[in-house]
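Asks: model the following, please.
(one chain, ligands or ions: 1)
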Amino acid sequence: MEAATASTTSSQSRQRKLKRKRAAALASDPQLDRLNSLPWNPSFPRNNDEDDNNNENDPFAMLATGSNELEGGFLSLEEIDEADYGFSIPEPQINEKKNQKKKHKLDENVIEEKKKKEEEEGDDGVGGGGGGGSGEVEVKKEKKNDKKKKKKKKKTKKDKKKEEEKEEEAVTENQNVEKPDTGLDTDVKDDDDDVGEEDFDETEFYAWNELRLHPLLMKAIYKLGFKEPTPIQKACIPAAAHQGKDVVGAAETGSGKTLAFGLPILQRILEEREKATKMEEERGEEPEKYAPTGILRALIVAPTRELAIQVTDHLKAVAKYINVRVTPIVGGILAEKQERLLKSRPEIVVGTPGRLWELMSSGEKHLVELHSLSFFVLDEADRMVQNGHFKELQSIIDMLPMPNISAEDNSQHAQNCVTVSSYQRKKRQTLVFSATVALSADFRKKLKRGLVKQKQSFTEELNSIETLSERAGMRSNAAIIDLTNPSILAAKLEESFIECREEDKDAYLYYILTVHGQGRTIVFCTSIAALRHISSILRILGIDVWTLHAQMQQRARLKAMDRFRESENGILVATDVAARGLDIPGVRTVVHYQLPHSAEVYVHRSGRTARASAEGCSIALVSPKETAKFASLLKSFSKDNFQRFPLQNSYMPEVLKRLSLARQIDKITRKDSQVKAEKNWFDRNANSVELVTENDDSEEEQVNKHKQMKASSKQLKTLQQELKMLISRPLQSKTFSHRYLAGAGVTPVMQEQLLQLAKQKLNDRPGSGVGKKGKLVVIGQDCVEALQALRNAGEEVRMDVKDFAGKRRNIENRKRKRKEEKKRLRDQRRKQKKKLKQDKD
Ligand SMILES: Nc1ncnc2c1ncn2[C@@H]1O[C@H](COP(=O)(O)OP(=O)(O)OP(=O)(O)O)[C@@H](O)[C@H]1O
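Replies: Predicted coordinates:
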């Protein structure tokens with residue numbers, strides 16, 4: 001009994017000790033100190049904030065108006081350095097400088113040699129003139145000569161090695177000079193060029209061996225760290241690079257199609273050069289005769305500027321160790337500048353149809369000398385045959401030399417032009433690629449069977465691709481490689497949707513970004529108006545977003561892309577101009593704020609995530625009006641079910657509160673800026689016709705206007721203060737407790753913003769809110785990324801696609817019934833009126 005009591009007391013004292021220890025640890029925990037210091041701590045005085053009136057220190061003032069820095073027209077042309085985007089002409093001076101240095105060194109060597117010779121001769125002279133016997137002199141001479149010979153031998157070996165190194169350096173430097181730093185390129189850095197093969201474990205890359213690529217291409221692949229070819233690369237490279245076939249390639253988004261057509265082009269150019277060197281050795285002829293440089297060998301056409309630049313970068317990364325120049329030719333940049341770029345005579349040109357045709361039709365020399373073109377590539381082929389590009393593309397294709405004419409005939413047509421020699425001239429290869437080229441079931445069947453000639457049997461879409469390909473010289477034995485799965489969508493993509501009213505889309509988007517906004521997110525809109533609306537609202541809500549749409553200046557577009565790429569948790573609000581091809585690592589979520597017009601665009605939009613071997617998720621916001629569209633979208637993907645995105649509705653009241661304030665602020669600021677813009681416009685026009693403007697308003701009207709302005713600015717300030725207070729703490733659920741502040745959904749972006757606000761306030765009031773007893777703050781405890789939330793939700797939220805179709809039918813039926821009912825009532829009233837009239841008569 002005593003023993004039991006003793007053990008109880010000892011265990012109690014141990015527990016007390018433990019408790020004391022824990023309390024001490026808590027008191028000294030810097031993490032908790034930091035958390036307690038944050039401004040959403042209830043002990044923190046929220047009102048009477050002196051700084052609220054100080055716009056300079058007020059981050060919200062900036063947020064409320066939105067930086068809008070990158071919206072179309074907001075950046076002046078001078079603000080961006082063109083060299084950043086690869087549009088500067090390669091500086092020949094660099095090579096010249098190098099040559100000059102080389103020459104200088106050579107001159108120095110020559111002078112040194114001369115000096116040595118003179119010295120030696122002098123020595124000899126001295127030796128010959130006096131001192132020592134002649135035999136001794138001869139022995140000395142012989143020894144000296146031996147030493148010299150040895151030295152020379154050593155030197156020549158060294159020189160050879162040095163020359164080899166220099167040659168390689170020159171190639172790399174040449175590449176570096178032309179390499180645009182768009183930020184779109186791979187992470188190959190020029191300054192680590194010295195990393196030799198010894199840094200790679202080549203055995204890890206053995207999967208590439210069967211593709212028999214040139215060692216210099218393989219060196220670049222090692223450097224990129226691509227351990228094995230992707231399936232589309234495995235299938236296309238042998239056909240295009242070794243069998244010289246035309247290829248129609250279809251594979252999911254992010255599956256490496258760019259290199260599937262890029263590597264065969266580079267491989268063929270390299271092979272031809274090597275053959276030329278052999279010919280030189282065998283026949284002693286100039287290699288330039290067989291493998292002339294500075295001739296357009298490959299023309300790659302892509303639908304958007306960003307994509308063309310990205311493809312250029314990608315090809316440059318694999319052409320790092322070979323002297324093949326790749327240049328982007330895209331709209332939005334001065335045509336004269338691009339003409340100057342073309343004067344460096346790149347072997348590969350990647351362009352958008354509009355600018356390419358503009359330069360070709362104006363007779364740009366490098367682009368019209370097409371007789372030696374070995375590759376014609378259509379990237380995103382199905383987009384290229386749609387309206388908007390079709391005409392220009394057709395014109396470009398019509399400019400290509402007739403494929404059926406022999407190469408000799410073609411070269412006759414191209415008099416005065418340098419051409420590749422006849423033995424190298426295989427037929428021009430046509431490569432056609434897209435993720436959605438096989439989306440139409442009809443096309444898929446045709447692809448499986450191979451391209452058929454009877455055009456009548458094709459759908460309109462196929463007909464167009466086929467027509468273009470045929471016109472471009474595609475041969476009937478083209479390799480048809482369709483690796484897309486039945487749903488066409490990327491394998492590692494998880495899809496979901498939220499059914500909501502049109503006016504609630506902003507709230508759901510804000511919810512997704514705040515609660516699940518880790519990693520990069522792209523929000524797609526169909527219209528620029530919607531993009532402007534949502535980006536403005538999000539900025540007011542304190543979320544930094546970048547925008548991208550076709551009405552922006554090209555430089556602003558590229559800069560927005562760069563910024564988005566740089567920001568680990570960046571948010572890009574874009575139209576479908578960003579839907580195709582863009583390869584930005586770390587995009588975890590794609591939100592379809594508005595549904596796209598076609599299944600193809602949906603696939604490409606969603607394909608901005610889950611690229612290469614990464615995972616990702618897409619969330620479609622579907623309003624009742626879009627239900628029918630959504631149902632037919634799902635039908636195109638042969639999907640049986642679709643997952644609802646899980647929502648915690650307890651957060652929605654707070655979301656709606658914030659949103660309501662943001663909308664009011666947006667409305668007032670828009671109205672103000674509209675009034676200002678109208679006034680500016682009026683003043684400018686009046687000035688231009690030298691009109692003196694007078695204020696026609698009466699004194700009373702002017703006073704009223706002034707009062708209204710004052711009231712509106714006061715209201716704006718109040719709203720901003722209120723919103724500032726709300727967004728300076730995590731999103732609170734309805735069951736929120738101030739004591740255990742369980743904040744949900746603080747994205748890293750917001751967390752950073754909140755910390756800044758906290759620091760700012762702590763500076764103003766040192767000590768306030770820090771270390772208050774019992775104020776435990778938990779930041780973002782529910783904050784999981786969208787994909788994880790989707791997975792956590794499990795299977796039960798899946799929705800049968802048939803349900804959607806049923807729902808759509810129900811809506812349509814209800815609509816039809818309502819219409820019929822209205823018509824019936826109208827007819828009834830008309831009849832009654834008629835009867836009344838007849839009765840009266
Ligand atoms: N063999 C490889 N191994 C690993 N990554 C690769 C390989 N080849 C290409 N990649 C990378 O995969 C990503 C996607 O490649 P790419 O942009 O060519 O895809 P895509 O199929 O053209 O996509 P989309 O259909 O969207 O245009 C790029 O970041 C690229 O660097």
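Asks: my read: D382 touches F433, true?
Replies: No: D382 is beyond contact range of F433, at 9.8 Å (criterion: CB atoms under 8 Å). In short, each C-beta sits where N, CA and C put it, glycine included.
Asks: quick one: contacts for the nearest residue to K365 once chain neighbours are set aside?
Replies: Leaving out its chain neighbours, the residue that sits closest to K365 by CB to CB, 6 or more residues apart in numbering is L342, at 7.8 Å. When contacts are counted by CB atoms under 8 Å, 6 or more residues apart in numbering, L342 touches T327, I329, V349, L359, E364, K365, H366, L367.
Asks: who does whatever helix or strand the third one lives in touch, helix- and strand-wise?
Replies: Mapping V349 onto the secondary structure by DSSP states H and E places it in strand 348-351. Counting contacts by 3 or more CB pairs under 8 Å, 6 or more residues apart in numbering; DSSP states H and E, the secondary-structure elements packed against strand 348-351 are strand 298-301, helix 305-318, strand 326-329.
Asks: in that strand, which residues are buried?
Replies: Counting neighbours by 16 or more other CB atoms under 10 Å, one finds that the buried residues in strand 348-351 are I348, V349, V350, G351.
Asks: what residues does this structure put near the ligand?
Replies: 186, 226, 229-230, 233, 251, 253-259, 435, 581, 583, 607, 611-612 (CB under 6 Å from any ligand atom).
Asks: are any of those residues buried, and which?
Replies: Buried among the residues of the chain next to the ligand (16+ other CB under 10 Å): 186, 226, 229-230, 233, 251, 253-259, 435, 581, 583, 607, 611.
Asks: just the ones of those in helices?
Replies: Q233, K257, T258, L259 (DSSP state H).
Asks: okay, now the residue lying closest to the third one once chain neighbours are set aside: neighbour count?
Replies: Translated: T258. Using CB to CB, 6+ apart and skipping residues adjacent in sequence, the residue nearest T258 is H314, 4.9 Å away. Using other CB atoms under 10 Å, H314 has 21 neighbouring residues.
Asks: surely H314 touches L259?
Replies: Yes: between H314 and L259 a contact is recorded at 7.0 Å, counting by CB under 8 Å.
Asks: just the element for the single nearest residue of the stretch 701-841 of the chain relative to the ligand, please.
Replies: Using CB to the nearest ligand atom, L787 is the residue of the stretch 701-841 of the chain that sits closest to the ligand, at 18.6 Å. Using DSSP H and E, L787 sits within helix 786-793.
Asks: do M652 as well
Replies: Judged by DSSP H and E, M652 forms part of helix 652-688.
Asks: could you give the angle of the helix or strand that that helix is followed by to helix 652-688?
Replies: For helix 652-688, the following helix or strand on the C-terminal side (DSSP H and E) is helix 699-727. Between helix 699-727 and helix 652-688, the angle comes out at 140 degrees (axes from the mean of the first three to the mean of the last three CA atoms, to 10 degrees).
Asks: stretch 657-671: which residues count as buried?
Replies: Neighbour count says stretch 657-671 has R658, L659, L661, A662, R663, Q664, I665, D666, I668, T669 buried, by 16+ other CB under 10 Å.
Asks: adding pLDDT and distance to L633, write these out as a markdown table.
Replies: Shown next, in a markdown table, are the buried residues of stretch 657-671 (pLDDT from 0 to 100; distance: CB to CB, whole Å):
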| residue | pLDDT | distance to L633 |
| --- | --- | --- |
| R658 | 94 | 31 |
| L659 | 95 | 27 |
| L661 | 96 | 34 |
| A662 | 96 | 30 |
| R663 | 95 | 29 |
| Q664 | 95 | 35 |
| I665 | 95 | 35 |
| D666 | 94 | 31 |
| I668 | 92 | 38 |
| T669 | 91 | 36 |
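Asks: tell me the mean pLDDT over the helix or strand where R605 lies?
Replies: Using DSSP H and E, R605 sits in helix 599-606. Average pLDDT, helix 599-606: 93.
Asks: now do stretch 686-699
Replies: When pLDDT is averaged along stretch 686-699, the result is 70.
Asks: for stretch 270-282, same thing?
Replies: The model assigns stretch 270-282 a mean pLDDT of 82.
Asks: what residues of it count as buried?
Replies: So, applying 16+ other CB under 10 Å, buried residues of stretch 270-282: L270, E272, R273, K275, A276, M279, E280.
Asks: circling back: ChimeraX command to pick out the buried ones of the contacts of L342?
Replies: Selection command for ChimeraX covering only the buried members of the contacts of L342, criterion 16+ other CB under 10 Å:
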select :327,329,349,359,364,366,367
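Asks: now the contacts of L342 in TSV, with distance to V689 and pLDDT?
Replies: Shown next, in TSV, are the contacts of L342 (distance: CB to CB, whole Å; pLDDT from 0 to 100):
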residue	distance to V689	pLDDT
T327	47	95
I329	42	94
V349	48	96
L359	40	92
E364	42	90
K365	47	89
H366	48	93
L367	45	92
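Asks: would you turn the contacts of L342 into JSON lines with distance to N704?
Replies: Formatted as JSON lines, these follow (distance: CB to CB, whole Å):
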{"residue": "T327", "distance to N704": "62"}
{"residue": "I329", "distance to N704": "58"}
{"residue": "V349", "distance to N704": "63"}
{"residue": "L359", "distance to N704": "59"}
{"residue": "E364", "distance to N704": "62"}
{"residue": "K365", "distance to N704": "67"}
{"residue": "H366", "distance to N704": "66"}
{"residue": "L367", "distance to N704": "64"}
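Asks: straight-line length of stretch 793-808, end to end?
Replies: 25 Å (CA to CA, to the nearest Å).
Asks: got the domain boundaries for this structure?
Replies: Listed by the TED database, the domain ranges of the chain are 230-402+426-452+460-482, 493-648, 810-839.
Asks: returning to what we had before: partners of the following helix or strand past the helix holding R605, with directions?
Replies: Using DSSP H and E, the helix or strand that follows helix 599-606 towards the C-terminus is strand 616-622. Here strand 616-622 is paired, per DSSP bridges, with strand 493-499 (parallel), strand 587-592 (parallel).
Asks: Serialize those strands to JSON lines and add fields for mean neighbour count, mean pLDDT and distance to M474.
Replies: Shown next, in JSON lines, are the strands paired with strand 616-622 (neighbours: other CB atoms under 10 Å; pLDDT from 0 to 100; distance: least, CB to CB, whole Å):
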{"stretch": "strand 493-499", "mean neighbour count": "21", "mean pLDDT": "91", "distance to M474": "31"}
{"stretch": "strand 587-592", "mean neighbour count": "25", "mean pLDDT": "96", "distance to M474": "33"}
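Asks: any chance of those strands in CSV, plus distance to M652?
Replies: Shown next, in CSV, are these (distance: least, CB to CB, whole Å):
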stretch, distance to M652
strand 493-499, 12
strand 587-592, 17
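Asks: so which of the ones you listed is nearest F637?
Replies: Proximity to F637 (CB to CB) singles out strand 493-499 among the strands paired with strand 616-622, at 8.7 Å.
Asks: what angle do the closest one and helix 599-606 make?
Replies: Computed by the same axes, to 10 degrees, the angle between strand 493-499 and helix 599-606 is 110 degrees.
Asks: for whatever residue of the stretch 101-250 of the chain ends up closest to the ligand, give me the pLDDT.
Replies: Nearest residue of the stretch 101-250 of the chain to the ligand (CB to the nearest ligand atom) works out as F226 at 3.5 Å. Listed pLDDT for F226 reads 94.
Asks: same question for N109.
Replies: 48.
Asks: repeat for D504
Replies: At D504, pLDDT is 94.
Asks: what's around it, how many residues?
Replies: Around D504 there are 18 residues (other CB under 10 Å).
Asks: tell me the secondary structure at it.
Replies: Using DSSP: H, G, I helix; E, B strand; the rest coil, the structure places D504 in helix.
Asks: point out where the stretch 301-450 of the chain drops to low pLDDT.
Replies: 387-388, 402-426, 438-450 (pLDDT under 70).
Asks: for it, which segments count as strands?
Replies: 326-329, 348-351, 375-378, 429-434 (DSSP state E, counting those that start in this stretch).
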